[in-house]
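Colleague: model this:
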Amino acid sequence: MALCGAMGATSDREELLIPLVQAVQRELAGRLREGTAPEDCGPAFPLAVAMTAMDRLSGMTGGGGRGEVISFTAGELGIRREAGGGEKKSLSRQAEELLAPWLGDTGFVFQGVEG
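Modeller: Residues are numbered from 1 along each chain as shown. Sure thing, here's the model as predicted:
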């Protein structure tokens, strides 16, 4: 929770953030390689949890990182978003990269294919 606070989470979001952090902890712990515990990842694990939780909180509360809508037109539908400084990796993606040395299979995996 302290890491989330350092990333900008305010106390008014705590009721939503606590169960979100707990769920992310379970999810990321379940993705670790067999025989690897969260403690084996050192400070990378709690940081990855906080990053992922903040990314998801942002998506839940409308700050999904895609830029704010600055214009909307109903006739010949057109929506304009204000760019937030170019394309950036989501916090969740950065967290996954941070934990990469300890994660099990990620992305595309062949299973049951001979050769």
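Colleague: From here on, just use CA atoms for contacts and neighbour counts.
Modeller: Noted.
Colleague: tally of neighbours for residue 53?
Modeller: 26 (other C-alpha atoms under 10 Å).
Colleague: Would you confirm that it contacts residue 19?
Modeller: No: at 9.7 Å, residue 53 does not count as touching residue 19 under the criterion of C-alpha atoms under 8 Å.
Colleague: Find the residues that touch each one of the two.
Modeller: Counting by C-alpha atoms under 8 Å, 6 or more residues apart in numbering, residue 53 and residue 19 have no contacts in common.
Colleague: Any idea which helix or strand in this protein has the lowest mean pLDDT?
Modeller: strand 69-73 (a mean of 51; mean pLDDT, DSSP states H and E).
Colleague: show me what contacts residue 14?
Modeller: So residue 14 contacts nothing (C-alpha under 8 Å, 6+ apart).
Colleague: Relative to residue 55, how far out is it?
Modeller: 15 Å (C-alpha to C-alpha, to the nearest Å).
Colleague: swap in residue 27?
Modeller: In terms of C-alpha to C-alpha, residue 27 sits 14 Å off from residue 55.
Colleague: Neighbour count for the two, which is higher?
Modeller: Using other C-alpha under 10 Å, the more surrounded residue of residue 27 and residue 55 is residue 55, with 19 against 12.
Colleague: any idea which helix or strand carries the more buried one?
Modeller: For residue 55, the element it lies in under DSSP states H and E is helix 44-60.
Colleague: Now do that helix: everything it contacts.
Modeller: Contacts of helix 44-60 (C-alpha under 8 Å, 6+ apart): 1, 3-4, 7, 9, 17, 20-21, 24-25, 28, 38-39, 64-65, 90-92, 94-96, 98-99.
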